[in-house]
Each structure stands twice: as structure tokens, then as C-alpha cells.
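1. Sequence first, predicted coordinates after that:
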Amino acid sequence: MLTRASLAIPVLAILGLAACVFNGGRGQQTAYVVTPFTASVAAYHVDNNTGAFSQMLGSPYGVGISPSSILLHPSGKYAYVANAGENDISLFKIATSGALAEVTPRTPTGMNPASMVMDAAGTFLFVANANSNTITGYSMSPSTGALTALSGAAAQTGFSPVNLAITPSGKFLYVANSNSASVAGFAVDSSGGLTAIPGLPPMVGAGPNWITIDPSGKFLYVASLAGGNFSGFTIDSTSGALSAMTGSPFGVTVSTTITPLSSLVVDRSGKYLYVADQSGNNVYAFTIDATSGVPRVITATPVPPYAAGTAPAFITTDTTGKLLFVGNQKSSSISVFSITPSTGALTAVSTSTTASAPVAMAVVK
């Protein structure tokens, strides 16, 4: 059974968020959910008010072996799915209806592509190859969406790079090295080349599993699957260097029991941080200090933690900033919460089942 407890060769998801036009003005969004056991991507219409999912006609769409992550191009024209079991990326064209049509051939990657990330302009796509200990980069054709490998050798990382994050400016790229308990960082030049940031990587909790960066590009947070905590850093806007926040690493409970944290995300306002607890089947919520980035547990009603499904594996917000989605692996479902803008508190609004364990999700307007 697929589980986030496996650190040696994890199959992780990275979530791409983008905007497109085919649902504009209809009070709904489109969500693409990756399920590796069915080797497919399912497309759903999502009601903006209720969070209810309805599967799109013609969905799901077949992909490669063990798909691990999905990204959407900012133009809304293309979707990319990393296939960890066959070491390549599938390219799909997105129709105005939201339907997907694969364009072959698939693009080769390193071994076990576990995570992908794209700059905000949609110029470059980067892949963390967990079994190659590398990051590979690609340029993207604006007219066809096709990927072309960037020249030069792949950038070396620590052991088992499993999750990527890029700053909104596109200047700096960071990777969680699961088996090195560290975060590596790279400066990204105008051609997509990567240069290691001096002074990195800093050590974090055991089994770092997920990275998120706030919308301002000032703060970076790393979830630890085996360490039971999450770390916070400030990002130097000039050099990309990371400085640990006061009090880091942070816990989610007062218990001494290790709590595996599978994912975390900063909301679109940059005010709130949400963390998924895999074994407790909960979501914890924090306010973010605007100056220091230090997280503080939300005390507003309803008070966290918030119950999700069984074994939450990923967490992301929607395109409006009003909804939060949690993918639950063992219960094969997506939990949907509404976000209270003034406090960051969550209210459960719906739960939708998926074909099998979901590992990735991308949402568009």
C-alpha cells in the first residue's frame, strides 16, 4: 500500500496552482486529482460555495506508471504529470471544457521524479529525481507546451530530494532532501541554470517531506515526516540564504509523541499556515507574523486541530483563497474546508471520494 511513512523511495505530490478561463463566471473551479494506483488523473468541477466535487464527463485520463505530481501552466493550456514509475513526464493539452488530451512522446527525467515546480512565468520546469539525487530543468514552448531539457549536467542535491519550492520571483529554488534531513537551495539564472546557494543546506527534522513558500517570498517552511515538527526560515532576497526563525523547529501538539507531518501550505493572503498531521488525521492552523514569519497557533473558534480523512498526504488552497483541500490517502478522499478570512479558522464543508489514494491535486478557475 502506498504510504508516506516510506522515506527511502517516497512517491510524493507537488501541487501546481494556475489560472485559466474555462470556468470563469460559473461559480466553480476545476480540480485535477492524481491517483497512482489507477495510473490516471481525474477531473472534477468544484463548487466555489459548497466545495462539492462532480466528476467531468470523459474523466479520468490515463498517465504513466505511478504518477507522483501534477503542474498546470500559467496560460491554462497545458498540464504536466510526473510518472515516478517510468521516469518521465506526460504533457496534456487542456481543452476549453477542461478535458485533457495527452501529447506524446513523454519527456525523460532522472530516476523516480518525485516532485515538480514551475516558475510563475511558465518559462522553466524543474524536477526533483529522488533516486538520482538530482534536479533536472526544462524550458517550455509557449506555442506547444513541449519540454526541452536545459543544457548542462543536472544539479546535484542531497540524498532523496522529494519536494521542491520556488520563490514567486523565480530567483531561488529549494529542495527537501528526505534522507539527508536538509534543505538545499539554488539560484536560478535567466537561462534556467542552477547554482548552489553558499552556506546551505541547513539541517531540519528527520525525513523532510514538503516545502512551502509564502506569497511574498520572504518565508520558507519545511514539514518533517519522521521528526514530528516543521521548520521555518526567512529568505534573504538578495542571496537566497536561509536563516532559522526564532523557536524553529515548531511542533503541532503538546504531546511527546512524534507526529508525522506530511504537508503544509501558506494561504493566498500570506496570513495563515496549515499543516497536515498524517497519523492524527488532522489539520493544524497557525497565524504568520508578518515581520518574523514565526507561526502561532490559531485560537479562534473553531479551534484547531480540524479533522480530515485518514492519512492526509497533501494540502493546498483553491484559486479564490476561500477553500482548503486535503488529500487523504487511506480513505481515498478529498476533505474540503472553508477559510475564515479574518481569523484563518477552518470549517469542514464537504468530503468527496476518489478512485483510489490521491497523491496530487492542481486547481484552476
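-> Arrived safely, thanks for sending. Numbering: from 1, shown residues only.
2. quick one: terminal-to-terminal distance for stretch 56-63?
-> 17 Å (Cα to Cα, to the nearest Å).
3. List the buried residues in it.
-> Neighbour-count burial for stretch 56-63, counted by 16 or more other Cβ atoms under 10 Å, picks out 56, 59, 60, 61, 63. For glycine as for every other residue, the C-beta is placed from the backbone atoms N, C-alpha and C.
4. Which residue is the nearest non-sequential neighbour of the fourth one?
-> Nearest residue to residue 61 in three dimensions, chain neighbours excluded: residue 100, at 4.5 Å (Cβ to Cβ, 6 or more residues apart in numbering).
5. Contacts only, for the one you found.
-> Applying Cβ atoms under 8 Å, 6 or more residues apart in numbering to residue 100 gives the contacts 32, 41, 43, 61, 79, 92, 93, 94.
6. how distant is stretch 277-288 from the center of its chain?
-> Averaging C-alpha positions (Cα atoms, centre = their mean, to the nearest Å) puts stretch 277-288 16 Å from its chain's average.
7. Now do the end-to-end distance for that stretch.
-> Its start and end residues considered, stretch 277-288 measures 19 Å (Cα to Cα).
8. In that stretch, which residues are buried?
-> In stretch 277-288, counting by 16+ other Cβ under 10 Å, buried: 277, 278, 279, 280, 281, 282, 283, 284, 285, 286, 287, 288.
9. likewise stretch 157-174?
-> In stretch 157-174, counting by 16+ other Cβ under 10 Å, buried: 157-158, 160-167, 170-174.
10. which of those residues lies closest to residue 297?
-> residue 165 (23.1 Å; Cβ to Cβ).
11. what's residue 37 sitting at in phi/psi?
-> In terms of degrees, to the nearest 10, the main-chain angles of residue 37 are phi -70, psi -30.
12. Now it. Nearest residue, chain neighbours left out?
-> residue 356 is the one closest to residue 37 (Cβ to Cβ, 6+ apart), at 4.0 Å.
13. Check residue 135 too.
-> Using Cβ to Cβ, 6+ apart and skipping residues adjacent in sequence, the residue nearest residue 135 is residue 155, 4.5 Å away.
14. for this structure, what spans make up the helices?
-> Taking DSSP state H, the chain contains no helices at all.
15. give me the low-pLDDT residue ranges for it?
-> For the chain, the stretches flagged by pLDDT under 70 are 1-26, 253-258.
16. coming back round to it: which of the buried residues of stretch 277-288 lies closest to residue 263?
-> residue 278 (8.5 Å).
17. Look up how far residue 306 lies from the closest one.
-> According to Cβ to Cβ, to the nearest Å, residue 278 stands 14 Å off from residue 306.
18. beta partners for the closest residue to residue 220 other than its chain neighbours?
-> In this structure, residue 220 finds its nearest non-sequential neighbour in residue 233, 4.7 Å apart by Cβ to Cβ, 6+ apart. Beta-bridge partners for residue 233, by DSSP bridges, are residue 220, residue 244.
19. Tell me which residues touch residue 129, please.
-> Residue 129 neighbours (Cβ under 8 Å, 6+ apart): 87, 109, 110, 111, 112, 113, 114, 135, 136, 154, 161.
20. repeat that with 7 Å
-> With contact taken as Cβ atoms under 7 Å, 6 or more residues apart in numbering, residue 129 is in contact with 109, 110, 111, 112, 113, 136, 161.
21. what pairs with it across the strands?
-> residue 113, residue 134.
22. Was I right to think the residue nearest to residue 37 contacts residue 332?
-> Yes. Contact criterion Cβ atoms under 7 Å: residue 356 and residue 332 qualify, at 5.5 Å.
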